[in-house]
Every structure is written in structure tokens, then in C-alpha cells.
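*Asks:* Give me the fold of what follows.
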Amino acid sequence: MPTKTDYNEALYGMYRLQTTYRLDPVEICKKLNALDCLMIGSIHYLDENFQGAERWFQLALKKYYTDSNSKQFDIFGYSKDFILKLLMKAAKSSGRYKTALEYAEKGLHLAPIKSEELNLDPPINMYHNLIHDEEIEMLKTLSNPHLKRSQFYTSSDEVIEDFSNLRTCKTVRLKDDVHYGLLKNLNQRVTDATGLSVKESEDLQISNYGIGGHLYEHEDSSQSTEADFWTSGNRIITALYYLSEVEQGGETVFPFLDLRVRTQKGSLLVWYNLLSNGTSDWRVTHVSCPIIKGDKWIATKWLRGNPQMFIRPCPVKMKLQPEYCDKTYMRKFFKETEEHYQ
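*Replies:* Residues are numbered from 1 along each chain as shown. Predicted coordinates for the structure are as follows:
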């Protein structure tokens with residue numbers, strides 16, 4: 001495989017050929033892909049040939065729209081928005097401020113997130129089409145060899161690793177620094193959807209539920225006594241990517257809110273686990289219903305509270321939290337679920 005030196009040498013070699021013989025970038029890029037054009041443009045930019053860089057970035061953007069492999073370009077950690085930002089910088093650096101502003105405006109209006117408000121208080125939202133099929137398949141490929149029966153923590157922080165009737169699925173964590181390009185994009189979309197920081201967040205957890213697989217009623221905010229858990233604060237946000245459709249069963253249900261969310265492949269479900277003063281919100285207790293037919297794949301990102309200190313500060317005054325409900329709602333939920341599938 002080529003080394004980093006080989007790669008840089010090739011890029012500068014192409015730059016040298018073009019500038020020496022005044023070759024037309026359009027002709028050169030016919031056999032190149034969007035990423036190649038982006039890299040060559042970057043060499044122009046580093047050499048302060050800003051107009052040349054802008055031309056190559058334009059070709060990269062055009063290739064992005066026309067190449068069949070444009071989604072793979074996203075997976076490597078780049079995007080249309082990223083190309084537009086480079087175009088803006090190149091135009092600004094060459095003194096073409098009006099053009100730079102046009103690029104900036106295109107970037108700001110690019111690919112608005114399709115959101116659906118499922119519950120107002122507490123806020124629960126679904127963001128549609130936030131993960132591509134290619135990215136989903138890559139997550140599954142990375143996860144499959146390492147999936148293990150999910151661990152279950154008891155109230156005394158004891159870990160049960162073998163079969164538990166409370167949580168029947170297999171999981172694995174993917175580290176950001178190992179799978180940087182792919183997870184960087186997924187993290188950025190969580191930030192775009194929530195407005196919160198993914199700094200110090202937990203590693204992405206991939207979960208697979210088979211027939212009968214389910215997760216008992218629980219809150220994602222923790223009551224753990226382990227000191228290490230609290231380094232970055234409690235779990236303020238749960239951001240859950242749906243990686244598959246489920247033919248029957250598998251809904252995410254919030255019994256206290258009378259809210260039932262069916263799996264929607266490619267969508268991101270987001271809810272707050274904490275009130276604005278940092279205390280747990282019991283109303284978002286939720287259940288993953290048993291799988292009747294098919295299987296369920298999800299990817300869960302938990303954001304921690306401390307990095308949000310200045311993004312979502314504790315208010316001076318806040319509305320009182322409703323009193324905790326008894327198990328009547330739980331019994332009502334399970335009765336309705338049984339009737340739903342009869």
C-alpha cells in the first residue's frame with residue numbers, strides 16, 4: 001500500500017504538472033473522483049493558489065453530485081457542506097467576498113434536517129433520514145464479529161453477563177478514535193439535531209435484538225455509585241439511530257407518556273433524560289418491546305451533562321416536575337400491548 005509520503009508526492013506531482021503545462025482541471029478530473037479533486041484543491045490552497053483551489057473544489061462538488069459513490073465520500077469524513085466551506089474560504093482568500101458569501105449561504109441551507117415532534121414536555125423528537133444504508137451496513141459489518149450478550153447492572157452495581165430475562169440482546173461499543181471517519185459524521189448529525197456537544201460522550205453502542213428480544217422498563221440516566229461514571233456528568237441525552245425495520249414488535253415505548261415509537265430505519269430518536277436542573281426525569285422511563293417477527297438493530301449515543309454546562313445552563317427558575325406516578329400506568333401499558341397484538 002502507498003505510504004503517506006507516496007500520497008503527498010503524487011498530489012504535488014499532479015499539481016506541478018497542471019501549473020507547469022497549464023493543463024485544464026476539467027480534463028484532468030475526468031478520471032478522478034470527488035475525493036481526488038478535493039485533495040488536489042487542498043494542495044493549491046496550501047500553495048496560496050486560491051483561484052486554482054476554488055476551481056478544484058468546484059469540480060469536487062460537481063463530482064459529489066454526479067458520482068455513484070458520493071455516499072462513500074461522506075463515510076470518509078467529508079460532506080457537501082465541508083466542500084462548500086472550503087469553497088467559501090478559497091473565494092474569501094482571493095478577495096472574492098460576494099462569491100464567498102454565496103457559498104456560505106448554500107452551506108447554511110443545505111440538507112435541512114427533517115424533524116418530527118413526538119412529545120412536547122418532556123421533548124422527544126424523531127429526525128428522519130440521518131443515516132445512509134451504506135453507513136448502516138458498515139456499522140453492522142464492524143459490529144457483527146464482536147457482538148456479545150448484553151451486560152446487566154443490578155442495583156448494587158453487580159454485573160450479570162449471562163442470560164438475563166430483563167435484557168435480551170447482544171451489544172458492542174465502537175470507539176470514535178478507531179472508526180474516526182464514519183463515527184465523526186454520525187456524531188456531527190447528533191450535534192446538528194440536538195445543538196449539544198458530543199465531547200466526552202460515551203462510545204457508540206450497537207445493539208441487536210432477535211426474536212423475543214426486549215429491554216425492560218428503565219431510565220437511561222444513572223444512579224450508579226461508581227465514581228468513574230460521573231467524570232463527565234450524567235446521561236443528559238439519548239440519541240438512538242434505528243438501523244433496521246422490524247416487521248412486528250420492537251417498538252420503543254414511553255408508558256408514562258402514552259407514546260409508542262415504531263422502528264424507522266435511517267431515523268434518529270432523541271430524548272432528554274435529565275431536567276434542566278440536572279436531575280433525572282422519570283417521565284422518560286421506556287421499554288423496548290419484544291420482537292415478534294424480524295430483528296432490530298440500533299446504535300445509541302449517550303451525551304453527558306458536564307460538556308453542556310454553557311450550552312444548556314441550569315435556569316434560575318424552573319417549572320416543578322410532576323409527582324411520580326405509580327405502576328398503574330405500567331399495568332395499563334402491558335394490557336394494551338397484549339390487546340394490540342391479539
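*Asks:* which stretches of the stretch 151-300 of the chain have low pLDDT?
*Replies:* 151-164, 225, 227 (pLDDT under 70).
*Asks:* Which stretches in it count as strands?
*Replies:* For the stretch 151-300 of the chain, the strands defined by DSSP state E, counting those that start in this stretch occupy 152-153, 159-160, 170-174, 204-209, 215-218, 235-242, 248-249, 252-254, 259-261, 268-272, 286-288, 291-293, 296-304.
*Asks:* want to throw these into JSON lines with mean neighbour count?
*Replies:* Where C-beta positions appear, they are placed from N, C-alpha and C, glycine not excepted. Output for the strands of the stretch 151-300 of the chain, formatted as JSON lines (neighbours: other Cβ atoms under 10 Å):
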{"stretch": "strand 152-153", "mean neighbour count": "16"}
{"stretch": "strand 159-160", "mean neighbour count": "11"}
{"stretch": "strand 170-174", "mean neighbour count": "17"}
{"stretch": "strand 204-209", "mean neighbour count": "22"}
{"stretch": "strand 215-218", "mean neighbour count": "16"}
{"stretch": "strand 235-242", "mean neighbour count": "24"}
{"stretch": "strand 248-249", "mean neighbour count": "18"}
{"stretch": "strand 252-254", "mean neighbour count": "21"}
{"stretch": "strand 259-261", "mean neighbour count": "17"}
{"stretch": "strand 268-272", "mean neighbour count": "23"}
{"stretch": "strand 286-288", "mean neighbour count": "23"}
{"stretch": "strand 291-293", "mean neighbour count": "15"}
{"stretch": "strand 296-304", "mean neighbour count": "22"}
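*Asks:* okay if I get the ones you listed as JSON lines plus distance to residue 314?
*Replies:* Formatted as JSON lines, the strands of the stretch 151-300 of the chain follow (distance: least, Cβ to Cβ, whole Å):
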{"stretch": "strand 152-153", "distance to residue 314": "28"}
{"stretch": "strand 159-160", "distance to residue 314": "33"}
{"stretch": "strand 170-174", "distance to residue 314": "30"}
{"stretch": "strand 204-209", "distance to residue 314": "28"}
{"stretch": "strand 215-218", "distance to residue 314": "25"}
{"stretch": "strand 235-242", "distance to residue 314": "12"}
{"stretch": "strand 248-249", "distance to residue 314": "39"}
{"stretch": "strand 252-254", "distance to residue 314": "24"}
{"stretch": "strand 259-261", "distance to residue 314": "26"}
{"stretch": "strand 268-272", "distance to residue 314": "14"}
{"stretch": "strand 286-288", "distance to residue 314": "24"}
{"stretch": "strand 291-293", "distance to residue 314": "39"}
{"stretch": "strand 296-304", "distance to residue 314": "15"}
